[in-house]
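Asker: Structural data only, the sequence is not supplied:
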């Protein structure tokens, strides 16, 4: 049967001849571990194509959907995290293997006549892979990669003469936008891979044409066929590396997904690891010399590689004569590695940076949590903007911490917001209103006295009643008897100074209106206009915010503040997007 | 190929071939197995939930209607990563029966899913794609449809017409829910 199939194919497509041509190539110097890099890169490219197609089944290259579709791949689809992790890990591994391959070619002097064209094709291939990795990293449209893109775009724009035209070509316009993402996507999945396939074919032909470069030592063991021993070594190396990458992906959980890209949100951008040497050098040089690092240095390095066959015209096998070239290559590689390690160590020790990254992580986690309930059609940024715990927190940190303390941040000029509206907060405010955590810093001429003399049971009951004032739809049922007891205490002790449901304050003290106190509506009124009679009232010391903040933002900060009563209790009811 | 002539050479070569096959299998399976599971995810994932009542119109639309009324069904829908509050899910035909109760038929043709229309002259339902025709109760009059139009649960609640919108498999005699 097998023979029949073979015979059938042989007659029609010269199957044996094709196989023999591929496998029976006589290799100079026999099978060797030194020659596994090229084949490994080829196999890895196939693996990238495979995983890439799988990711493309889901990924959607639009500004509204890119992040969410990657979230969907990563957290919803079976094995999505693994395939995406492998796609990224293999890509990064290819860069390392390319570096090893380049170094090997330099050590062997394999770029010399007559293999110059092979060398140049190899350099272009390496550049294409670098572009593939960079373009691939831009696709999730998350904060980390968006801001790296932003920097890259500005670097491109700063290039002499061609900068503006180049950046417009990449962006599809003057600014980063939808066209940018579509273009990067098309480059990543069509243009660059097609170019790689074409050049890989040419390179393979050239390698067959010229055969292997003799060993640099000059020794030449007897030649042997490609199949099986060289092929076995190639597969052994590639599979072992693939297994190591898979283990890495499983242990680390794969490629991270940061919060969705927000063009108006601060982010400590860093390029991908293989660009860190340029990043570090740019930081080391004065700004006027920036173009040296961003344009001149890469151009010189690339030019040097291209011109190498003309610089080094030594004879075959003369390892000693080529030691200077090898030394320069090794020094360049070690220098790059050193710069990467230096940058990463400096970043790890940079406390400000680590704090910013922690904040970014927090945001990423929240975004993923919100996305698990479904992303609205207008995209993940809109989703974040409608989340009180995200947008409300942002507004709070910008406008409120100049007077309030929350989570260890802010200046204490007015009541603390840690646990604001919780039973503990209410009880504390009743017992010790003049403590600086409550109203001690607000000059009220001591209008609110401590209520400790009511005794614990009455305090607990009125606390329960006050707590229930802030209840909203979705909150659980409360103990009716306790609430009734609390109402009795409240009506006896509190309404002399406070207005409640349109009545009270018979003494004309002007205490805060307690109707719906602690609810989102009450906080909304308070933030918009604290002097309003249905909020804190005439005794307030707080500025009004209705002229500074949009109504939406006030609702968000109100939602955020109301959520403090549940702080530590996870995702509380009523804190979801409105 | 000199070493394959000796006995040892043959042994080494076949060992190498087996090892090669094993390595290729392991390496390939490392990506292919998760890859297949990934591709099959939509088949393995089933989310059939009890369909909610969806408001389609004010109940008064039927009062004056001479012919069946086509109403869009709009409601929340989760689609991959997106969750929309107001997505058009489909169309239903609603009319009053002899007892004055509302009756509802889905406008999706049981033949191949085209959107069924109404012929006001002939007073029957017609599918524009393959010309299946149905009477007012949804029974097949002629054409390729394997079954009559699918009735949906309908009720009047608080003055609003509400429908449980469900989609059914086409091309078969029985009414089988999709999803």
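Answerer: That came through, no problem. Note that the structure is predicted; figures quoted are calculated from it, not measured.
Asker: Where does the closest residue to chain A within chain B sit: helix, strand or coil?
Answerer: Residue nearest to chain A within chain B: residue B:83 (2.5 Å; CB to the nearest CB). All C-beta spots, glycine's among them, are computed from the backbone N, C-alpha and C. Of the three states, residue B:83 takes strand according to DSSP: H, G, I helix; E, B strand; the rest coil.
Asker: Please apply the same query to residue A:499.
Answerer: Once three-state DSSP is applied, residue A:499 turns out strand.
Asker: can you check residue A:398 too?
Answerer: From three-state DSSP, the assignment for residue A:398 is helix.
Asker: quick one on the thing from earlier: per-residue confidence at the residue of chain B closest to chain A?
Answerer: Listed pLDDT for residue B:83 reads 93.
Asker: From what I see, it and residue B:76 are in contact.
Answerer: Yes. Using CB atoms under 8 Å, residue B:83 is in contact with residue B:76, at 7.0 Å.
Asker: higher neighbour count, those two?
Answerer: Neighbours per residue, other CB atoms under 10 Å in any protein chain shown: of residue B:83 and residue B:76, the larger number sits with residue B:83, 17 against 13.
Asker: Please name every helix or strand in contact with the lowest-mean-pLDDT helix or strand in chain B.
Answerer: Lowest on mean pLDDT, DSSP states H and E among the helices and strands of chain B sits helix B:7-39, with a mean of 85. On a contact count with 3 or more CB pairs under 8 Å, 6 or more residues apart in numbering or on different chains; DSSP states H and E, helix B:7-39 meets helix A:37-56, helix A:80-108, helix A:231-252.
Asker: would JSON lines of the ones you listed with mean neighbour count, mean pLDDT and distance to residue B:170 be doable?
Answerer: As requested, those are exported to JSON lines (neighbours: other CB atoms under 10 Å in any protein chain shown; pLDDT from 0 to 100; distance: least, CB to CB, whole Å):
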{"stretch": "helix A:37-56", "mean neighbour count": "19", "mean pLDDT": "96", "distance to residue B:170": "30"}
{"stretch": "helix A:80-108", "mean neighbour count": "21", "mean pLDDT": "96", "distance to residue B:170": "31"}
{"stretch": "helix A:231-252", "mean neighbour count": "18", "mean pLDDT": "96", "distance to residue B:170": "42"}
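Asker: Same list (those) but as JSON lines, adding distance to chain B.
Answerer: Listed next are the helices and strands packed on helix B:7-39 as JSON lines, based on distance: least, CB to the nearest CB, whole Å:
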{"stretch": "helix A:37-56", "distance to chain B": "5"}
{"stretch": "helix A:80-108", "distance to chain B": "5"}
{"stretch": "helix A:231-252", "distance to chain B": "4"}
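Asker: OK, contacts around residue B:89?
Answerer: By CB atoms under 8 Å, 6 or more residues apart in numbering or on different chains, the residues touching residue B:89 are B:54, B:73-75, B:77, B:165.
Asker: ok, and the closest non-adjacent residue to it?
Answerer: residue B:73 (4.6 Å; CB to CB, 6 or more residues apart in numbering or on different chains).
Asker: helix, strand or coil for residue A:539?
Answerer: With three-state DSSP as the criterion, residue A:539 reads coil.
Asker: okay but residue B:124 is in contact with residue B:134, surely?
Answerer: Yes. The pair residue B:124 / residue B:134 is scored as a contact, 6.3 Å apart, by CB under 8 Å.
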